[in-house]
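Participant: Return atomic coordinates for the entry below.
(chains A and B)
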Protein chains: 2
Amino acid sequence: MPRHAHPKGPTAMPTPPPPLAGTTTGPTALRPLIDTVLTALHDGAHRRDGPLPAGGPDAVTPRIRTATHPLIPDHGTGPHHALRTLVTALTEGAADPADPLCTAHLHTPPLALATAADLAASALNPSMDSWDQAPAASALEADTTAALAAEIYPHQPTPDALITTGGTEANQLALLLARERNGPVRTICATTAHHSITRATWLLGLPAPVVIPAPTGVMDLAALDEALTRLHSPHRALLVTATAGTTDTGRIDPLADIADLCATHGAELHIDAAYGGPLLFSPTHRGKLHGLDRAHSVTLDLHKLGWQPAPASILAVPHRHHLDPLHHQAPYLNADDDTEAGLPDLLGRSLRTTRRPDALKIAVTLQALGRTGIADLVDRTLTTAHHLADLIAETPTLDLYDRPTISTVLFRPTDADDTTVATIRRTLLTRGQAVLGRAHTRDRLWLKATLLNPHTTPDHLHTLLDLVNQLANDLAEGNTPR
Amino acid sequence: MPRHAHPKGPTAMPTPPPPLAGTTTGPTALRPLIDTVLTALHDGAHRRDGPLPAGGPDAVTPRIRTATHPLIPDHGTGPHHALRTLVTALTEGAADPADPLCTAHLHTPPLALATAADLAASALNPSMDSWDQAPAASALEADTTAALAAEIYPHQPTPDALITTGGTEANQLALLLARERNGPVRTICATTAHHSITRATWLLGLPAPVVIPAPTGVMDLAALDEALTRLHSPHRALLVTATAGTTDTGRIDPLADIADLCATHGAELHIDAAYGGPLLFSPTHRGKLHGLDRAHSVTLDLHKLGWQPAPASILAVPHRHHLDPLHHQAPYLNADDDTEAGLPDLLGRSLRTTRRPDALKIAVTLQALGRTGIADLVDRTLTTAHHLADLIAETPTLDLYDRPTISTVLFRPTDADDTTVATIRRTLLTRGQAVLGRAHTRDRLWLKATLLNPHTTPDHLHTLLDLVNQLANDLAEGNTPR
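Facilitator: Below is the predicted model:
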């Protein structure tokens, strides 16, 4: 029967539903779709031809809106058309962290191998809230968190860690655990602490943090000592949160000295090492984290110096039982008789219920690269940051804030005012030439380069500084940027 | 110069770092790695040969542990070896929701097209906390959340929604918004509400919920009326949380009647439609959600009846300004002068900071399938659930709990006691034959099939029931399962 004579209407064979990603047939269905995605990723990057699209929101927003209109059509455009259109538009409109001139934030360029691993997480879709949704994934997560916790607490018999959606949730959980141990704990942090600390106290109904000055970019020890003395009370527990890798300057608080003060005053200590934590993998740099293992809890992100697609974050604790306050029961997920029969009870491993297996990409990366491979990436990145600082120091038209501790380099054109510095950042952004961050410290606004790309070369750094110098020069001569 | 004569030692060219996923070169690096992943997904599924691996944790855990030991080697095994080993082991040890006999939980089999889209999110790694990390992605997210919010609140001029990590976080945010509007609000929910409601009150430092009975599987209106009357006070705001799609039985609370009672008593209303919300896309079934748009906030998950890899969840509100309490400032991400210069301020769109663009897979799916395509998947799934209920009703050895409202079907072997029901579930699980859930209601334990797979056929349903019948029979004859 010729194809056009196939019966139509109510007696026609119904169209089968679109294919699923799982079982033995999923990979076959995925191959052509992924080919479309990879082609779109390439074509979008080719069209963008730089670290981000030019034109700012006024140009980018209408372009993606055109590509997606209407967002919910009555009749679908089919998988290949939708994938090609949206992925191309998203890529063309991306600030791509793999471009060496995209260097504003702790916004990492993910490794291809970690990205490939994450595909398997999406395809299998295990959910980490019960064993019968994630038999192997729950064992993999347990081993991965234990291994990472042992990096942080090598001298503890039962260190453990939870996987979180980011440093922000890890910090929230740290404060929650302190609240559950101690009641309405008072948090003490430096002005340089991550904004999530204050936000967590608000979320958890805790008093706002006592904020300690950080005139040199790290928590002032004398001021901390004074605060701990002043706030000491048998009726109120204190939690100091220190930072290993501040957002603005990448500095590391004096962890061992802070731990000493906490011990003297009977305060607890949380360390937000979201940025700096992975220095542990580097024999060259891990000494900078001396004292980390004295914290009651540690935040560490592998979607920063770990080159994972976001999120890949943990909260580690020295003793497994410190996580007990998160224990939770929902009989459909962890009924007593199932737990007694040997099914692992996973619900206390997160405040979330449904939960993606972020452990997979992390475990694949750790296995593929090993300790030495991760250390090499860390060392390269820190070397690049030092090289940028050298170049700035050698450039008479630029001021360097300080030598980098990790990979953050602050600088500014000599004699430029703060408005000019902010304009330089926004102009490079709007022109699509470079993504630089900003930080206000020592009463001045600085341009911030957060180096995370291990492929960045000296040539890229020269290009970046040339762009800033040229624009600063144009602005000084009264040329209006556009 | 022959290859073996290439100079070695300190003068050798250093090994370049492993490739990144981004820019124009990323797709080329990804292709062979993804080929390894797809092959491993296939091989692992082939080895598993069923909905989950046999043997329970005692068999599964050692196997994945062997595949991953040591988890952090000193020297890496290379990307292909690590991907092949871990993805194969994870797949072999998966409870695969794409297998029609994996039907315990609200654990969806993701569509291949949504899984492919999610790869682009991992590769580009936009982070949704600032425009300069996600120029196009932030516009795409804004349009996607607005479009989904308009599905829920079609008669409001400025509905809006936030993307969350799941129904649990969406419920937390709903309670947080109520707390910020009203102070320490008292929550009222039914015994059938999701466990995340109680957990959210604990997290947020709110009083524990007042719990209303649900003798018929849905919130009892007379009891709610009584509670609202009893708890009414000018000094304390009340928030009723209703459920559209309960975890245990998939029932939908009488939303319009509950909204009426809330209006009468001046209480606010949150509706957890994590499961049932997507019925909105189906002209056949959307009537079941009558009253949904009268809620102050609505939770809706697309990683359930939306066939997305987890997570893909929203919290919707009728008026954009209802989200204002989440506004937050961190000068490195949303400085005043940048916001004034037109850069969108995204930090108030979540409690998280770094954040993956879950909007991409959602938008691709909506475009590819359209409203009619999603409706077709919803309708098929509900039809399959009704068919299962028919089969159970026709089987004299099985008791049906009730006709399904959405796609949850509870049943149990006639005359089996609760211990036997629990044993049947665990035995099918341990044998690797089927993943069924459990629910305790009407003073009995039931087997729970949560149907979410649009490819499930009547043959699969017969197989599932045959497995249960056979095992119940064996147990009744005194045969010990293993």
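Participant: where does the stretch 201-350 of chain A come near chain B, residue by residue?
Facilitator: Listed as neighbours of chain B in the stretch 201-350 of chain A under the rule CB under 8 Å from any CB of the partner chain: A:203-206, A:247-248, A:301, A:303, A:307, A:309-311, A:328-333, A:335, A:337-338, A:341-344. No exception for glycine: its C-beta is placed from N, CA and C like everyone else's.
Participant: Would you verify that A:V211 is located in a strand?
Facilitator: Yes. Counting by DSSP: H, G, I helix; E, B strand; the rest coil, A:V211 is part of a strand.
Participant: That one contacts A:T187, doesn't it?
Facilitator: No. Between A:V211 and A:T187 no contact is recorded; they are 9.5 Å apart, counting by CB atoms under 8 Å.
Participant: So for those two, which sits in the more crowded spot?
Facilitator: Comparing A:V211 with A:T187 by neighbour count (other CB atoms under 10 Å in any protein chain shown), the higher total belongs to A:T187, at 27 against 17.
Participant: residues contacting the more buried one?
Facilitator: A:175, A:178, A:197, A:201, A:206-207, A:209-210, A:238-241 (CB atoms under 8 Å, 6 or more residues apart in numbering or on different chains).
Participant: In TSV: those residues, plus pLDDT, secondary structure and distance to A:R63.
Facilitator: As requested, the contacts of A:T187 are exported to TSV (pLDDT from 0 to 100; DSSP: H, G, I helix; E, B strand; the rest coil; distance: CB to CB, whole Å):
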residue	pLDDT	secondary structure	distance to A:R63
A:L175	98	helix	41
A:A178	98	helix	46
A:I197	98	helix	37
A:T201	98	helix	40
A:L206	97	coil	44
A:P207	97	coil	46
A:P209	98	coil	42
A:V210	98	strand	47
A:L238	98	strand	51
A:L239	98	strand	47
A:V240	98	strand	47
A:T241	98	strand	42
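Participant: now, among those, which is nearest to B:A98?
Facilitator: A:L175 (39.2 Å; CB to CB).
Participant: In contact with that closest one, which residues are there?
Facilitator: By CB under 8 Å, 6+ apart, the neighbours of A:L175 are A:185, A:187, A:197, A:200-201, A:204, A:206, A:239, A:241, A:270.
Participant: closest to chain B among those?
Facilitator: Proximity to chain B was ranked across those by CB to the nearest CB; first place goes to A:L204, at 6.3 Å.
Participant: Touching, the closest one and A:L176? I think so.
Facilitator: Yes. Between A:L204 and A:L176 there is a contact under CB under 8 Å: 5.9 Å.
Participant: what's the overlap in contacts for the two?
Facilitator: B:L203.
Participant: follow-up on the earlier one: quick one, which of the residues of the stretch 201-350 of chain A next to chain B are buried?
Facilitator: Those of those that meet the buried threshold are A:203-204, A:206, A:247-248, A:301, A:303, A:307, A:309-311, A:328, A:330-333, A:335, A:337-338, A:343-344, by 16 or more other CB atoms under 10 Å in any protein chain shown.
Participant: which residues does the most centrally placed residue in chain A contact?
Facilitator: Among the residues of chain A, the one closest to the centroid is A:H303, at 4.1 Å (CA atoms, centre = their mean). Contact analysis of A:H303 by CB under 8 Å, 6+ apart lists A:108, A:110, A:166, A:309-313, B:125, B:354.
Participant: quick one: contacts of the helix or strand bottoming out on mean pLDDT in chain A?
Facilitator: For chain A, counting by mean pLDDT, DSSP states H and E, helix A:331-334 ranks last in confidence among helices and strands (a mean of 89). Contacts to helix A:331-334, defined as CB under 8 Å, 6+ apart, come from residues A:129-130, A:343, A:345-347, A:353, B:105, B:247-248, B:437-440, B:448.
Participant: Any regions of chain A where pLDDT drops low?
Facilitator: The model of chain A has pLDDT under 70 over residues A:1-14, A:480-482.
Participant: can we see that at 50?
Facilitator: Counting by pLDDT under 50, the low-confidence segments of chain A come to A:1-11.
Participant: Quick one: classify A:P126 as helix, strand or coil.
Facilitator: Relying on three-state DSSP, one would call A:P126 coil.
Participant: which residues in the stretch 251-400 of chain A form helices?
Facilitator: Ranges of helices within the stretch 251-400 of chain A are A:255-265, A:331-334, A:336-340, A:359-394, based on DSSP state H, counting those that start in this stretch.
Participant: quick one, which of the ones you listed is packed in tightest?
Facilitator: For the helices of the stretch 251-400 of chain A, the largest average neighbour count (mean count of other CB atoms under 10 Å in any protein chain shown) is found in helix A:359-394, namely a mean of 22.
Participant: what's the closest of the contacts of helix A:331-334 to A:I64?
Facilitator: Distance ranking of the contacts of helix A:331-334 against A:I64, using CB to CB, places A:T353 first at 31.7 Å.
Participant: tell me the contacts of the closest one?
Facilitator: Applying CB under 8 Å, 6+ apart, the residues contacting A:T353 are A:129, A:330, A:333, A:347, B:166-168, B:194-196.
Participant: re the thing from before, so which of the contacts of helix A:331-334 belong to strands?
Facilitator: By the criterion of DSSP state E, membership of these in strands covers B:437-440, B:448.
Participant: Pull the most distant pair out of these.
Facilitator: B:G437 and B:H440 (11.2 Å).
Participant: Looking at the two, which one has more neighbours?
Facilitator: Taking other CB under 10 Å, B:G437 and B:H440 do not tie; B:G437 has more neighbours (23 against 16).
Participant: Next up, the contacts around that one.
Facilitator: Residues in contact with B:G437 (CB under 8 Å, 6+ apart) are A:332, B:103-105, B:425, B:447-450.
Participant: Could you rerun that using 7 Å?
Facilitator: Contacts here follow CB atoms under 7 Å, 6 or more residues apart in numbering or on different chains; on that basis B:G437 touches A:332, B:104-105, B:448, B:450.
Participant: Which one of the residues you listed is nearest to A:P413?
Facilitator: Checking the contacts of B:G437 one by one against A:P413 (CB to CB), the nearest turns out to be B:H105, at 57.7 Å.
Participant: dump the residue contacts of A:I72.
Facilitator: B:147, B:366, B:371.
Participant: Switch the residues you listed over to a markdown table; also include distance to chain A.
Facilitator: Converted to a markdown table, the contacts of A:I72 look like this (distance: CB to the nearest CB, whole Å):
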| residue | distance to chain A |
| --- | --- |
| B:A147 | 4 |
| B:L366 | 5 |
| B:R371 | 5 |
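Participant: Switch these over to CSV; also include distance to A:A137.
Facilitator: Shown next, in CSV, are those (distance: CB to CB, whole Å):
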residue, distance to A:A137
B:A147, 32
B:L366, 28
B:R371, 33
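Participant: ok, so of those residues, who is nearest A:A161?
Facilitator: For these, the minimum distance to A:A161 (CB to CB) is 36.3 Å, reached by B:L366.
Participant: Who are the contact partners of the residue nearest to A:Q156 when sequence neighbours are not counted?
Facilitator: Excluding the flanking residues, the one nearest A:Q156 by CB to CB, 6 or more residues apart in numbering or on different chains is A:P318, at 4.5 Å. The contact partners of A:P318, by CB under 7 Å, 6+ apart, come to A:153, A:156, A:159.
Participant: ok, now A:L300?
Facilitator: A:152, A:273-274, A:277-278, A:314, A:316.
Participant: any idea how far it is from A:D257?
Facilitator: Using CB to CB, to the nearest Å, A:L300 is found at 21 Å from A:D257.
Participant: Over to A:N469?
Facilitator: A:N469 is 39 Å from A:D257, by CB to CB.
Participant: Repeat that for A:T354.
Facilitator: Going from A:T354 to A:D257 by CB to CB gives 42 Å.
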